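S.K.: give me a model of this one.
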Amino acid sequence: METQVLAVFMIFCTLFSNTENLYCRAAHNESDVNIGVLLNYNSWVGKVAKTALEIAQDDINNDTQLLNGSRLVLLFRDTRGDVILGASAALDLLGKEVVAIIGPQASEVAEFILHLGDAAKVPIVSFSVTSPLVSNHRFPYFVRMAHSDALQMKPVAALAQAYGWRRVTAVYSDDEFRSGAVAALSDALRDIGSELEYRSVISLTADQVAIEKELYKLMTKESRVFVTYTQPDLCSKILMKAQEIGMMDSGYVWISTDEFTSLWDVVLNASSMEYMQGILGVKTYIQNSNKQLRDFRRRWKRQFRLEYPHEEKAELNVYGSFAYDALWMIARAIGNLGNTRFNFRKPISSSPNFTQPKVFQEGPQLLTELLRTDFSGVSGVVQLNDGEIAGSTYEIANVMGNGYRVVGYWNNETQLSKQLPSGSISSLIMSSPNNTIGDLKTVIWPGGSTEVPRGWEQPTSGKRLKIGVPIREGFNEFVTVVFDSSLNRRSVTGFCIDVFEAVVKRLDYALPYDLIPYGDGDHTGYYDELVYQVYLKNFDAVVGDITILANRSKYVDFTQPYTESGLVMVVPVKAEEANNAWAFMLPFTPGMWCTTGAFFIFTGSVIWVFEHRVNPEFGGKPKHQVVTLLWFSFSTLVFSHREKLLSSLSRLVLVIWLFVVLILTSSYTASLTSILTVQKLNPAVKDIESLRASGAPVGYQEGSFVGEYLREQLHIAKESLRTFSTPEEAGEILSNGTVDAIFDEIPYINIFLASQCGYTMVGPIYRTGGFGIVFPKGSPLLSDISRVVLSLLEEK
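M.R.: Next comes the predicted model:
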């Protein structure tokens with residue numbers, strides 16, 4: 001860059017030395033207003049814009065009221081797409097006392113010219129510079145009529161979100177301005193949970209051999225979604241070569257940006273259709289129903305054919321519309337100033353060897369008017385926001401058959417949609433912030449398929465996935481790593497491995513992998529270290545008894561859990577033996593005993609009332625009658641009463657009472673038998689509160705997250721924590737009193753209780769995520785693996 005700047009200054013010195021007294025205007029009279037134009041005449045956009053600007057010049061000059069009788073004079077300069085020639089042309093125009101410059105076309109030509117514009121206070125209005133590295137914040141006198149690439153990359157990311165593509169490859173030309181656009185694409189993808197997997201840089205001078213070599217390199221990557229951001233000619237070469245080597249078959253996705261998509265009306269022909277079938281394109285939307293645009297397009301085609309009779313097609317694109325509106329915007333701003341007699345002041349230079357461009361005295365006022373722009377042009381409503389054109393609607397186009405069709409639209413407010421966003425409040429409310437396939441019409445993909453490509457494939461280089469598995473001492477039912485002497489390698493088995501193998505078998509594609517044991521499993525945080533290896537890209541995935549945790553999910557992704565989740569407490573149980581003399585009282589509570597006794601007396605009293613007047617056995621002295629009453633009542637307990645009942649009512653009461661007595665005796669007998677023959681088991685610790693209050697020691701599995709959970713969530717003191725590695729060791733520390741309770745996840749506890757007796761689970765279940773398979777953030781495998789895991793659980 002420094003070399004280019006030096007060369008420009010040398011040209012500057014050569015062109016403008018000894019010209020201090022050159023103040024004549026380039027226009028034909030002093031009332032005319034000079035506007036500079038920087039175009040690349042060899043490009044299609046340059047030709048389109050030149051014709052559009054000439055028509056705009058005629059329209060403006062025909063409106064005698066707009067500039068109060070003054071005329072606009074366009075001073076065209078050809079930059080040929082070269083930085084040095086562009087800077088030289090800009091210096092030449094500034095010497096002609098232009099009040100504004102339209103152009104340049106390309107971002108790589110713009111930067112130095114914008115420095116000159118700021119120095120001379122001359123607004124630079126570009127209809128095609130899109131690099132986010134060039135903005136009004138860096139260059140106050142820069143006005144952008146085209147949308148920035150930072151905005152254009154959002155609909156590209158929206159497509160990735162809608163179709164579930166987690167990894168994308170950018171294919172672009174090797175210059176810093178396109179690198180800025182690719183950085184914007186990376187940011188947009190990150191916002192929707194995807195990532196830019198690879199950046200493929202192809203030189204503008206690359207031949208077919210170099211392009212083919214780079215494309216073969218892309219085939220060794222996982223991603224099959226390619227976003228092209230190159231010059232149109234180079235993009236055509238890339239797509240042609242991709243079709244030759246099979247990268248336009250089913251499973252591939254190609255997305256072109258506005259720079260190439262806006263030229264489809266010109267580049268699409270019988271030969272190009274063969275290698276462009278199925279690609280998607282993003283381009284700026286302009287409302288075709290605009291009457292002003294229809295009239296302008298008709299006049300533009302007529303004049304374009306006159307100027308370029310050898311061009312096969314005459315199709316206006318968005319840049320031509322922007323160029324037309326750019327000149328009108330400048331003319332309206334000049335008209336709002338109310339004065340077309342402008343002043344230019346020679347700056348004070350510290351160097352006698354060259355002359356700096358003169359400073360446009362009314363430049364700040366003209367810039368202010370430009371930034372206030374608000375009118376209806378051929379491209380729609382023209383308004384500026386921070387020096388850039390407002391509005392943000394893009395078309396999503398799909399090449400198919402003999403042309404292309406629009407399959408949807410993208411708007412910054414409504415996101416993707418099949419229909420053009422109306423901009424109404426109701427449409428904004430009904431829109432979803434998450435883009436889905438249903439938001440677009442059916443797309444014909446490369447290979448002619450309507451099935452959405454999943455966006456990735458196993459690389460053709462035959463890369464095998466490196467799957468990390470934990471080496472652990474206990475609970476080998478989940479993962480066991482043993483050395484197989486017959487094969488001279490370690491073999492890995494266990495429940496978690498069986499689940500993973502079952503999942504891989506159900507995938508509809510091959511997934512070669514190697515299981516690689518990791519670590520020793522005998523220190524705290526071991527599993528966190530294993531998971532972190534995926535983030536460091538040392539492993540492609542991790543399979544094992546890995547719990548899904550929020551802090552781990554910050555840097556890796558998990559599949560759906562395939563085990564029951566939850567953390568529980570296990571404590572010893574103690575037996576209560578009924579070996580005391582009063583054991584016979586235990587079947588009934590004191591209240592029940594009192595109630596039963598009261599009913600005995602009540603029943604005897606009722607029968608006495610019915611019998612004592614007619615039955616001599618219930619008569620006699622009061623003392624005798626009381627004894628008979630009590631005797632009769634309690635003798636019914638064993639059905640041994642001797643007294644004959646004469647009253648029918650007495651007999652009815654007795655039948656009911658004997659039925660009640662039968663139930664009481666049966667219940668009592670069963671309860672007493674149970675008490676005397678079966679031991680009652682009670683947990684030694686009832687709940688976490690009593691454990692925490694007593695400060696009793698607690699055990700947890702070595703290497704797991706449970707220790708941290710006990711400290712931070714359940715507030716167990718660190719000095720109260722003990723570790724164990726195997727079910728046997730857990731049973732030992734519980735039985736000998738080393739700990740009063742242990743905490744672990746339900747799958748481990750189920751294995752522990754199945755092998756150890758005398759323990760039970762108590763208290764609530766503290767929810768965790770369950771076991772899951774670990775993948776890197778944005779892994780394309782994640783959704784497929786999770787879907788198969790869910791199907792296995794549903795069949796369970």
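S.K.: make it CA atoms for all contacts and neighbour counts henceforth
M.R.: OK.
S.K.: buried set for the strand or helix carrying Val570?
M.R.: For Val570, the host element (DSSP states H and E) is strand 567-576. Across strand 567-576, burial judged by 16 or more other C-alpha atoms under 10 Å covers 567-573.
S.K.: likewise for stretch 242-262?
M.R.: 242-243, 247-262.
S.K.: so which of the residues you listed belong to helices?
M.R.: Counting by DSSP state H, the buried residues of stretch 242-262 place 242-243, 258-261 in helices.
S.K.: and which of the residues you listed is nearest Val134?
M.R.: Glu259 (16.6 Å; C-alpha to C-alpha).
S.K.: is it true that that closest one touches Pro232?
M.R.: Yes: with contact taken as C-alpha atoms under 8 Å, Glu259 and Pro232 are classed as touching, separated by 6.9 Å.
S.K.: which residues in the stretch 1-150 of the chain form helices?
M.R.: Assigned by DSSP state H, counting those that start in this stretch, the helices in the stretch 1-150 of the chain fall at 2-16, 44-62, 83-95, 107-120, 149-163.
S.K.: show me where the stretch 151-300 of the chain has helices.
M.R.: 176-191, 208-219, 232-244, 258-261, 264-267, 270-276, 291-307.
S.K.: and for the first one, what's in contact with it?
M.R.: The one in question is helix 176-191. 107-108, 131-133, 149-150, 153-154, 156-157, 160, 170, 172, 195-196, 229-230 (C-alpha atoms under 8 Å, 6 or more residues apart in numbering).
S.K.: what's the strand holding Val570 packed up against?
M.R.: Judged by 3 or more C-alpha pairs under 8 Å, 6 or more residues apart in numbering; DSSP states H and E, strand 567-576 is in contact with strand 680-683, helix 727-735, strand 741-745, helix 746-755, strand 759-766.
S.K.: looking at those, which is buried most?
M.R.: Highest mean neighbour count among these (mean count of other C-alpha atoms under 10 Å): strand 741-745, with a mean of 23.
S.K.: would you mind listing where the stretch 651-796 of the chain has pLDDT under the threshold?
M.R.: Residue ranges of the stretch 651-796 of the chain with pLDDT under 70: 674-684, 796.
S.K.: mind checking which of the helices of the stretch 1-150 of the chain is nearest Glu729?
M.R.: helix 149-163 (49.3 Å).
S.K.: coming back round to it: lowest mean pLDDT across the helices of the stretch 151-300 of the chain, which one is that?
M.R.: When those are ranked by mean pLDDT, helix 270-276 comes last with a mean of 78.
S.K.: in it, what's buried?
M.R.: Buried-residue list, helix 270-276, by 16+ other C-alpha under 10 Å: 273-276.
S.K.: can you name the residues that contact Gly86?
M.R.: Here Gly86 is in contact with 38, 78-80, 104, 109, 113 (C-alpha under 8 Å, 6+ apart).
S.K.: switch to 7 Å and redo it
M.R.: Going by C-alpha atoms under 7 Å, 6 or more residues apart in numbering, Gly86 touches 79, 109.
S.K.: re earlier: in the buried residues of strand 567-576, find the pair that's most separated.
M.R.: Leu567 and Val573 (19.3 Å).
S.K.: dump the residue contacts of Ile334.
M.R.: Leu366.
S.K.: need the pLDDT of it.
M.R.: Reading off the model, Ile334 has pLDDT 91.
S.K.: host element of it?
M.R.: Using DSSP H and E, Ile334 falls in helix 318-337.
S.K.: elements contacting the helix or strand that that helix is followed by?
M.R.: Using DSSP H and E, the helix or strand that follows helix 318-337 towards the C-terminus is strand 344-345. Contacts defined by 3 or more C-alpha pairs under 7 Å, 6 or more residues apart in numbering; DSSP states H and E place strand 344-345 against strand 359-360.
S.K.: what's the next secondary structure element after the strand it packs on?
M.R.: Assigned by DSSP H and E, the successor of strand 359-360 is helix 363-371.
S.K.: for that next one, which positions count as buried?
M.R.: Quick answer for helix 363-371 (16+ other C-alpha under 10 Å): 363, 366-367, 369-371.
S.K.: phi, psi of the closest residue to Glu111 other than its chain neighbours?
M.R.: Nearest non-adjacent residue to Glu111, counting by C-alpha to C-alpha, 6 or more residues apart in numbering: Val134, 7.0 Å away. Dihedral pair for Val134: phi -110, psi 110, per degrees, to the nearest 10.
S.K.: check what pLDDT Thr460 gets.
M.R.: We note a pLDDT of 53 for Thr460 in this prediction.
S.K.: the one 4 residues further on now?
M.R.: In this model, Arg464 is scored at 82, pLDDT.
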